[in-house]
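Asks: generate a structure from the sequence data that follows.
(2 chains)
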Amino acid sequence: MKYALKRIVTLLLTMLLVSFLTFAAFELISGDPAQTILGTEATPERLAALRHELGLDLPFLTRYINWLAGFFSGNLGISFRYHIPVWELIAPKLEVTLCMCLVSFVIIAAVSVPLAIWSYRFVGGPLDFIRTAFNQLCMAVPTFFVGILMSWVFGIVLRLFVPGDFPDLHTDFAAALGHLFFAAVCLSIPRIAMTVRMMRSTVIGEMQKAYVRTAISRGNDRHAVLTRHVLKNSLVSAITFLGQTMAELVGGSVAVEQVFSVPGLGRLLVASISTRDYPVVEALVVILAFWVVLAGTVADLMNQWIDPRLRLGGKA
Amino acid sequence: MNKKRINGYLLAGMIITGLMLLMMLIGAFHTPFDPNAMDPTSKFQGPSLTHLFGTDNFGRDIFSRMLKGGGTTLAIALATVTVGAVFGTLIGALTGYFGGIVDEVLMRLNDALTAFPSILLALLVISLVGSGKYNVVLALGLVFIPSFARVTRTAFAGLRDVNYITSARLMGASDLRIMAVHMLPNTVRVLLPAITIGFNNAVLAEASMSFLGIGVTPPDASLGYMLSEAQSMLSRAPWYALTTGCVIALLVFGAGLIGEGLQKMDREVAA
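Replies: Below is the predicted model:
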């Protein structure tokens, strides 16, 4: 409990720091928003009026606090480009990206753990080289290239979904989920390869420990030891890794959303960067940062809960 | 280690990477066609002997474009890794060797930064400085500094109180000399795999950024940029996407195998 509290305080402090740095960075670089909104032909009076309206004439810290307060009350400012509140722009995309990442996460967790156990059989064998090479290959192929191949095979040749036409998440949930599934598979492949690689080396390490030797010498079947004892002990590192995966997925989703034309946060981010729509970029950065930090914290807390050794302050 | 066993990963990786490097190097001086020359009479031609990888919607030779674009991607990746490795090693060495409060603060900052997907950080930098190839190098280089700093810091901190370092210090060697002459060569074995991994991430990151249209800007073309072009003509010229994508994959695959081989070699030496 004490630990959980400490983690949550750290989480809040990190977020405060991240939001401050983001705000400061954009403050330094983005120039005068009033000028951006009104264009170059604006009169000085109108500029001054708008600056006052937007609160730009206030001191830096006051503006930061206002912005942060706005963030929690859902008022993230107005998009330079679309002239609508940023939150209205972000909310529907957040749903889509969240859906895609969750589907992808489930795929990764469901596929990589059994695969890691299965691949343990090849350790030291002649097939090990092929397995490692395949693993490296899965990590080497860029996700967006897999995406292009998939949309070509499943979209253009097999016509299982229409590339470039994403069904609405609310009116046609099943079709949207189907579309997201292909994107999610594409997003998962390199992460599965990484998770398998990581888990495999953990399992190899665990299998050399004394308790495994004892269990086997007491007549247990190797496979049973693997699934019953070793797997449990490998979970801690796996969960930490999956926490990172949840964070990495947002990064990966940027390119995948572009390929499958999924209207998610990543595409909005890229579009907003190209059009220099700073309020949107700023808000997205903070939201994504929160996502990343939250995933890490949740993974940490889960490990505490699962592994008593960590709870008692020892080292796993 | 009296009998040397052939390290399959290292060998295969070096062959693949060597071939790719050779091709890009030749491409820097000579390409079969002008990569930007348009030829309306030969649009959308499939792979043939004249056009190895076929042609695109303007009748441009894809193989020539690939050689030039691959060169750009490679140059950006190498520059990025150099920036990341040099500054990262410097920071890691200083903090690891001297320790203290600066070390603490920098490492906490480092922890926070490495938790972030590198592509997001790079996008953030790009959104602040704008796109273009030098900005891509700047963005990715900055993003890669923390990972190199961490690796070097751990290695330097571990060596700080080792006997031979203490001896060197007793003999009056300066801190700088100890770091450069005695410690740095001993960190090569952790630095090399970090460099190959960094190279891979750099190639992939550059490709994704250019693919998204916020990396290199025309007239520069990189592999990622070509792939985004290729996607728009996927049904007319599927070979364009296939060949370009495979080249990226091979580049990363080769370096990945080298990294794997280096780690294996390290384990064998340690064992």
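
Asks: surely residue B:200 is in contact with residue B:257?
Replies: No - look at residue B:200 against residue B:257 with CB atoms under 8 Å: they stay out of range, at 10.4 Å. Every residue, glycine included, has its C-beta placed from N, CA and C.

Asks: who's more crowded, these two?
Replies: residue B:257 (26 against 23; other CB atoms under 10 Å in any protein chain shown).

Asks: identify the residues contacting the more buried one.
Replies: If you count contacts by CB atoms under 8 Å, 6 or more residues apart in numbering or on different chains, residue B:257 has them with A:133, A:136, B:9, B:10, B:12, B:13, B:16.

Asks: residues contacting the last one?
Replies: By that I understand residue B:16. Contacts of residue B:16 (CB under 8 Å, 6+ apart): B:250, B:253, B:254, B:257.

Asks: the helix or strand hosting it: how far from the chain's middle?
Replies: Applying DSSP states H and E as the criterion places residue B:16 in helix B:8-29. In terms of CA atoms, centre = their mean, to the nearest Å, the centre of helix B:8-29 is found 14 Å from the chain centre.

Asks: how about the nearest residue to whatever residue of chain A ends up closest to chain B, chain neighbours excluded?
Replies: Closest contact between chain A and chain B, by CB to the nearest CB, is at residue A:251 (2.5 Å). Closest residue to residue A:251 in three dimensions, ignoring its sequence neighbours and counting by CB to CB, 6 or more residues apart in numbering or on different chains: residue B:117, at 2.5 Å.

Asks: repeat for residue B:65
Replies: For residue B:65, the spatially nearest residue (CB to CB, 6+ apart) is residue B:35, at 4.5 Å.

Asks: got any ranges where the stretch 1-150 of chain B has weak pLDDT?
Replies: B:1-6, B:42-44, B:46, B:49, B:51-52, B:57, B:59, B:115 (pLDDT under 70).

Asks: try 50
Replies: B:1-3 (pLDDT under 50).

Asks: ok but residue B:32 is inside a strand, no?
Replies: No - membership of residue B:32 in a strand is not supported by DSSP: H, G, I helix; E, B strand; the rest coil, which gives coil.

Asks: now restrict the contacts of residue B:257 to buried residues only.
Replies: A:133, A:136, B:9, B:10, B:12, B:13, B:16 (16 or more other CB atoms under 10 Å in any protein chain shown).

Asks: returning to that earlier point: hmm, the residue of chain A closest to chain B is touching residue B:119, no?
Replies: Yes - at 4.4 Å, residue A:251 counts as touching residue B:119 under the criterion of CB under 8 Å.

Asks: what helices or strands is the strand or helix carrying residue A:5 leaning on?
Replies: In this structure, residue A:5 sits in helix A:2-29 according to DSSP H and E. Packed against helix A:2-29 by the contact rule (3 or more CB pairs under 8 Å, 6 or more residues apart in numbering or on different chains; DSSP states H and E) you find helix A:60-72, helix A:278-306, helix B:100-114, helix B:118-129.

Asks: now the ones you listed in TSV, with distance to residue A:265 and mean neighbour count?
Replies: Formatted as TSV, those follow (distance: least, CB to CB, whole Å; neighbours: other CB atoms under 10 Å in any protein chain shown):
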stretch	distance to residue A:265	mean neighbour count
helix A:60-72	16	14
helix A:278-306	6	20
helix B:100-114	21	14
helix B:118-129	11	23
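
Asks: so which of the ones you listed is nearest residue A:110?
Replies: Comparing the helices and strands packed on helix A:2-29 by their distance to residue A:110 (CB to CB), the top pick is helix A:278-306, with 17.0 Å.

Asks: other SSEs contacting the closest one?
Replies: helix A:2-29, helix A:33-38, helix A:86-119, helix A:231-259, helix A:265-274, helix A:308-311, helix B:118-129.

Asks: may I see the buried residues of stretch A:170-183?
Replies: A:175, A:176, A:179, A:180, A:181, A:182, A:183.

Asks: now for the second one: which residues touch it?
Replies: For residue A:176, the residues meeting the contact criterion (CB under 8 Å, 6+ apart) are A:96, A:99, A:166, A:167, A:168, A:169.

Asks: please repeat the previous calculation with a cut-off of 6 Å.
Replies: Residue A:176 sits next to A:167, A:169 when contact means CB atoms under 6 Å, 6 or more residues apart in numbering or on different chains.

Asks: helix, strand or coil for residue B:153?
Replies: Per three-state DSSP, residue B:153 ends up helix.

Asks: distance check, it against residue B:141.
Replies: 18 Å (CB to CB, to the nearest Å).

Asks: kindly report the same for residue B:265.
Replies: Counting by CB to CB, the gap from residue B:265 to residue B:141 is 28 Å.

Asks: what parts of the stretch 51-200 of chain B come near chain A?
Replies: B:115, B:116, B:117, B:119, B:120, B:124, B:127, B:128 (CB under 6 Å from any CB of the partner chain).

Asks: give me the number of residues near the second one?
Replies: When you say that, I think you mean residue B:116. Count around residue B:116 with other CB under 10 Å applied: 22.

Asks: that one: which element?
Replies: Here residue B:116 is assigned to no helix or strand, by DSSP H and E.

Asks: now do the contacts for the residue lying closest to residue B:15 once chain neighbours are set aside.
Replies: Spatial nearest neighbour of residue B:15, chain neighbours left out: residue B:254 (7.9 Å); criterion: CB to CB, 6+ apart. Neighbouring residues of residue B:254 by CB under 6 Å, 6+ apart: B:13, B:16, B:17.

Asks: just the element for the closest residue to the last one other than its chain neighbours, please.
Replies: Same thing as residue B:17. Nearest residue to residue B:17, sequence neighbours excluded (CB to CB, 6+ apart): residue B:254, at 3.6 Å. Using DSSP H and E, residue B:254 sits in helix B:238-270.

Asks: that helix versus helix B:8-29: what angle between them?
Replies: On the basis of axes from the mean of the first three to the mean of the last three CA atoms, to 10 degrees, helix B:238-270 is oriented at 140 degrees to helix B:8-29.

Asks: show me what counts as buried in helix B:238-270.
Replies: In helix B:238-270, counting by 16+ other CB under 10 Å, buried: B:238-245, B:247-263, B:265.

Asks: so who does residue 84 touch?
Replies: If you meant another chain, say so; for now it's chain A. So residue A:84 contacts nothing (CB under 6 Å, 6+ apart).

Asks: wrong one, I was asking about chain B
Replies: B:141, B:144, B:145, B:148, B:198.

Asks: which of those tops the neighbour count?
Replies: Neighbour-wise, the contacts of residue B:84 (other CB under 10 Å) top out at residue B:144, 28 neighbours.

Asks: quickly note the distance from it to residue B:9.
Replies: 23 Å.

Asks: equivalent analysis for residue B:142, please.
Replies: 31 Å.

Asks: residue with max distance from the center of chain A?
Replies: Residue farthest from the centre of chain A, counting by CA atoms, centre = their mean, is residue A:45 at 44.5 Å.

Asks: follow-up on the earlier one: kindly reformat the helices and strands packed on helix A:2-29 as TSV containing distance to residue B:188.
Replies: Putting those into TSV (distance: least, CB to CB, whole Å) gives the following:
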stretch	distance to residue B:188
helix A:60-72	45
helix A:278-306	31
helix B:100-114	21
helix B:118-129	24
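
Asks: go through those and name the closest to residue A:144.
Replies: Using CB to CB, the nearest of the helices and strands packed on helix A:2-29 to residue A:144 is helix B:118-129, at 11.2 Å.

Asks: what sits up against the closest one?
Replies: So helix B:118-129 is contacted by A:29, A:251, A:273, A:281, A:285, A:288, B:135, B:139-140, B:142-143, B:205, B:208, B:214 (CB under 6 Å, 6+ apart).

Asks: thanks a lot, see you next time.
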